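> what follows is a predicted protein model with its sequence.
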Amino acid sequence: MKFDRPSLSHAIRSGMAALLIFSLFFSAVSPLQAFQNTPASEAAPETAAETVPEKKGPAEKEEAKTGLALVEQKVDKLFGTFNGYVASVFFYPIPLTPQQFNANDGVPLAVLWLVIGATYFTFRMNFINLRAFKHSILLIMGKYDDPDDEGEVTHFQALTAALSATVGLGNIAGVAIAIATGGPGAMFWMMLAGLLGMTSKFAECTLAQIYRRISPDGRVMGGPMCYLSVGLQEQYPNNPFMKGLGKTLAVLFAILCIGGSLAGGNSFQVKQSLGAVAETIPMLKDNNLEWVYGVVMAFFVGIVIIGGIRSIARTTEKIVPLMCGIYILACLAIIVIQVEQIPACFMAIWNGAFSDNAMYGGFLGVLVIGFKRAAFSNEAGVGSAAIAHSAAKTKFPVREGIVASLGPFVDTIMICTMTALVMIITGAYNDPQYADLIKTDNGAALTSAAMNSQIPYFNYVLSVSVILFAYSTMISWSYYGERCWAFLFGDSPSISLAYRILFLVFVVLGSVVSATNVLDFGDLMILGMAFPNILGVLLLSNRVKRELDKYWSRYKSGEFDNTASSTEGK
């Protein structure tokens, strides 16, 4: 079945745009009421990189503060209020059943927006996420690489740079809480969402390559801010509204990305990794030495990001396989130890995926938790990865889109699944002794406890993994923020250097600042990037489909294989 008819495609795109406008309008009518009526598990993501902060307790409110601490407290309170309004829009419940409508409940707008977009792109591109899987593996292995192609990094380096930003603490902590709150069935929907997200990554990264700009010194400017500002104008040349819309969406995306880079992709990573590491090295908190951790992290981040994407890519191509390998091997060791539990584990996943067990919120509750975890983990549709993939060396934009589609597969279907299997096989997700960890959403500690029960002293291995995950996320997000900064203020070496220095300042601040609402603000900015990005990719999907059809016919004819063979023979 092919979805090439313009009328059908136009109708679907119009429907999605109408959904977004309708939802934003009604969520804006009474934002505080919507936020209060939304359950905690629905109103905000589960993990460190995606949470809306809890209100402070009475003891904290009464604590007298002066000087900088008082200023920080007031700023934090201001951001907390703002976060509430933003979250009420992003997580506005869209009812899918009569029962949800009557109960003022539903699927969070941001999750529904990402999932509908991913589903549409998957059908529109005729399941390229599955058709091109083998081809994507050959691409990252370098079979079709040409060092003379324009760009700054190889296919593999672009993929690892993008993965380093998405494979993070959420894969450890967030998945554990998702399984604990949604049950084993959440894993099924998480994997399905990961498969659909592969096509979102394909579409946005293909567009990033089509509309990228390469400066005389070889530096690349690409990503949603480029294809939103130029692509919509090109696609609709006689429509002044689309021209204005494209520029507005591009600026909005860039602002959101900078906010997400400095807070969610930087300070929050420092804060969360420090909390996990301090459990293993208590002296960091006992002696008020948090700033030392921040300075050390800033130093190691700085020596990489000052060199730009080429330096970042050289680092991530080594760190990402290492950190993923360590974590997957540890999980596999536990799975082998408990091999007799595997049949029961998969039975629990299948039954839980379609169960109406009220303990985990019923069928729709489990589905939403699984989809939400996948959407927040792999960032498919957010547009961040498109910035990294735009720098890849290739003559064919579709080729890099195919490489990018592997991102959600590695992040969600491989890494997140490993955590989920450990939670289920060890039984930690419903073990009464871990009830407090689940209640407080302390997913990192829950994962550590589950693994420690099978592998003694694993907390030390997990601490190393946490540091690597946080570090790799920070260096990639520095590039995302810097490119958006350059898009707004001018793409020059001095402008880029200014942002990198600012980024390093926020690394240190992340270790000492206790204003969690300010840090959570960055995570909401990252999530907000999906709204302009998905809308733009939706409107430009016809261009992606045309490029895909041309490329795929040449690939199936063997043209690229003949070219690769002749290149290898030189």
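Arrived safely.
> low-confidence ranges, the stretch 101-250 of the chain, go.
For the stretch 101-250 of the chain, the stretches with pLDDT under 70 are 169.
> can you map out the helices along it?
Remark: helices assigned in the stretch 101-250 of the chain by DSSP state H, counting those that start in this stretch are 109-124, 128-131, 133-140, 155-166, 169, 175-182, 185-210, 224-226, 232-235, 240-259.
> of these, which approaches Ile342 most closely?
Nearest to Ile342, of all the helices of the stretch 101-250 of the chain, is helix 185-210, at 13.3 Å by Cβ to Cβ. Every C-beta, even on glycine, is put in place using the N, C-alpha and C of the backbone.
> coming back round to it: wait, which of the helices of the stretch 101-250 of the chain is closest to Pro432?
Among those, if distance is taken as Cβ to Cβ, the winner is helix 175-182, at 11.9 Å.
> chain center to that closest one, what's the gap?
Using Cα atoms, centre = their mean, to the nearest Å, the mean C-alpha position of helix 175-182 is found 18 Å from that of the whole chain.
> what angle do helix 185-210 and it make with each other?
130 degrees (axes from the mean of the first three to the mean of the last three Cα atoms, to 10 degrees).
> surely Trp485 touches Leu497?
No - with contact defined as Cβ atoms under 8 Å, Trp485 does not reach Leu497; the gap is 10.7 Å.
> who has more neighbours out of those two?
Each of Trp485 and Leu497 has its neighbours counted (other Cβ atoms under 10 Å); Trp485 has more, 23 against 13.
> picking that back up, got CSV for the helices of the stretch 101-250 of the chain, with distance to Ala380 and mean neighbour count too?
Shown next, in CSV, are the helices of the stretch 101-250 of the chain (distance: least, Cβ to Cβ, whole Å; neighbours: other Cβ atoms under 10 Å):
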stretch, distance to Ala380, mean neighbour count
helix 109-124, 6, 24
helix 128-131, 10, 20
helix 133-140, 15, 17
helix 155-166, 9, 28
helix 169, 18, 23
helix 175-182, 16, 28
helix 185-210, 3, 28
helix 224-226, 13, 29
helix 232-235, 21, 18
helix 240-259, 16, 20
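> Ile438: which of those helices is closest?
Minimum separation from Ile438 across these (Cβ to Cβ) falls at helix 175-182, 4.5 Å.
> same for that closest one, what does it pack against?
helix 185-210, helix 362-378, helix 417-426, helix 435-439, helix 443-452 (3 or more Cβ pairs under 8 Å, 6 or more residues apart in numbering; DSSP states H and E).
> need those in a markdown table (columns: distance to Gln269).
Output for these, formatted as a markdown table (distance: least, Cβ to Cβ, whole Å):
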| stretch | distance to Gln269 |
| --- | --- |
| helix 185-210 | 22 |
| helix 362-378 | 14 |
| helix 417-426 | 18 |
| helix 435-439 | 21 |
| helix 443-452 | 13 |
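> ok, now which ones touch the closest residue to Ala313 other than its chain neighbours?
Spatially, and ignoring its direct neighbours in sequence, Ala313 is nearest to Gln157 (3.6 Å; Cβ to Cβ, 6 or more residues apart in numbering). Neighbouring residues of Gln157 by Cβ atoms under 8 Å, 6 or more residues apart in numbering: 313-314, 316-317, 392.
> go again with 10 Å.
By Cβ atoms under 10 Å, 6 or more residues apart in numbering, the contact list for Gln157 reads 140, 151, 309-310, 312-317, 320, 388, 391-393.
> which one of these sits closest to Val292?
For the contacts of Gln157, the minimum distance to Val292 (Cβ to Cβ) is 22.5 Å, reached by Thr315.
> quick one: distance of the helix or strand where the closest one lies to the chain centre.
Thr315 belongs to helix 308-337 when elements are defined using DSSP states H and E. The chain centre lies 17 Å from the centre of helix 308-337; the measure is Cα atoms, centre = their mean.
> and the angle for it with helix 155-166?
Going by the same axes, to 10 degrees, helix 308-337 makes 70 degrees with helix 155-166.
> and the helix or strand following helix 308-337, what other elements does it pack with?
Heading C-terminal from helix 308-337, the first helix or strand you meet, by DSSP H and E, is helix 342-353. If you count contacts as 3 or more Cβ pairs under 10 Å, 6 or more residues apart in numbering; DSSP states H and E, helix 342-353 packs onto helix 175-182, helix 185-210, helix 308-337, helix 362-378, helix 417-426.
> can you check which of those gets nearest to Ser465?
helix 308-337 (5.3 Å).
> tell me the average confidence for that closest one?
Mean pLDDT, helix 308-337: 84.
> so which of the helices and strands packed on helix 175-182 gets nearest Leu540?
With Cβ to Cβ as the criterion, Leu540 lies closest to helix 185-210 of those, at 5.8 Å.
> ok now the closest one, how far from the chain's centre?
Between the centre of helix 185-210 and the centre of its chain there are 11 Å (Cα atoms, centre = their mean).
> same question, stretch 521-528
How far stretch 521-528 lies from its chain's middle: 11 Å, per Cα atoms, centre = their mean.
> next one: stretch 307-319
With Cα atoms, centre = their mean as the basis, the mean position of stretch 307-319 lies at 19 Å from the chain mean.
> buried residues of that stretch, list them for me.
Residues of stretch 307-319 classed as buried by neighbour count (16 or more other Cβ atoms under 10 Å): 308-309, 312-313, 315-317, 319.
> returning to what we had before: okay if I get the helices of the stretch 101-250 of the chain as TSV plus distance to Ile349?
Output for those, formatted as TSV (distance: least, Cβ to Cβ, whole Å):
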stretch	distance to Ile349
helix 109-124	20
helix 128-131	21
helix 133-140	22
helix 155-166	23
helix 169	24
helix 175-182	10
helix 185-210	5
helix 224-226	35
helix 232-235	42
helix 240-259	35
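> quick one: which of those helices is nearest Ala420?
So among those, helix 185-210 is nearest, using Cβ to Cβ, at 4.2 Å.
> what is the orientation angle of the closest one with helix 109-124?
Per the same axes, to 10 degrees, the angle that helix 185-210 makes with helix 109-124 is 70 degrees.
> related to what we said a few turns ago, so for Val115, which of the helices and strands packed on helix 342-353 sits nearest?
The minimum distance between Val115 and those falls on helix 362-378, with 5.3 Å, by Cβ to Cβ.
> ok, then the element right after that closest one?
With elements assigned by DSSP H and E, the helix or strand that comes after helix 362-378 is helix 384-389.
> average model confidence for that next one?
Per-residue pLDDT over helix 384-389 has a mean of 89.
> picking up where we left off before, quick one: which of the contacts of Gln157 is nearest to Ser463?
Nearest to Ser463, judged by Cβ to Cβ, of those is Val320 at 18.3 Å.
> report how many residues lie close to Gly427.
Gly427 has 14 nearby residues by other Cβ under 10 Å.
> give me phi/psi at it?
Dihedral pair for Gly427: phi 80, psi 10, per degrees, to the nearest 10.
> what sits against it?
Applying Cβ under 10 Å, 6+ apart to Gly427 gives the contacts 338, 341, 345, 434, 450, 453.
> ok, back up a step: could you check how far the residue nearest to Ala313 is from Ala388?
For Gln157, the distance to Ala388 (Cβ to Cβ, to the nearest Å) stands at 9 Å.
> which neighbours do those two share?
309, 312-313, 316.
> so how far is stretch 149-156 off the chain centroid?
The chain centroid and the centroid of stretch 149-156 are separated by 22 Å, computed with Cα atoms, centre = their mean.
> and it, what's buried?
151-156.
> closest one of those to Ile526?
Distances from Ile526 to these, taken by Cβ to Cβ, are shortest for Val153, at 22.6 Å.
> Ala344 - how many residues pack around it?
Ala344 has 13 neighbours, counted by other Cβ under 10 Å.
> same thing with Phe506?
Residues contacting Phe506 under the criterion other Cβ under 10 Å number 24.
> so where's the stretch 351-500 of the chain uncertain?
Applying pLDDT under 70 to the stretch 351-500 of the chain flags residues 356-365, 375-376, 441-442.
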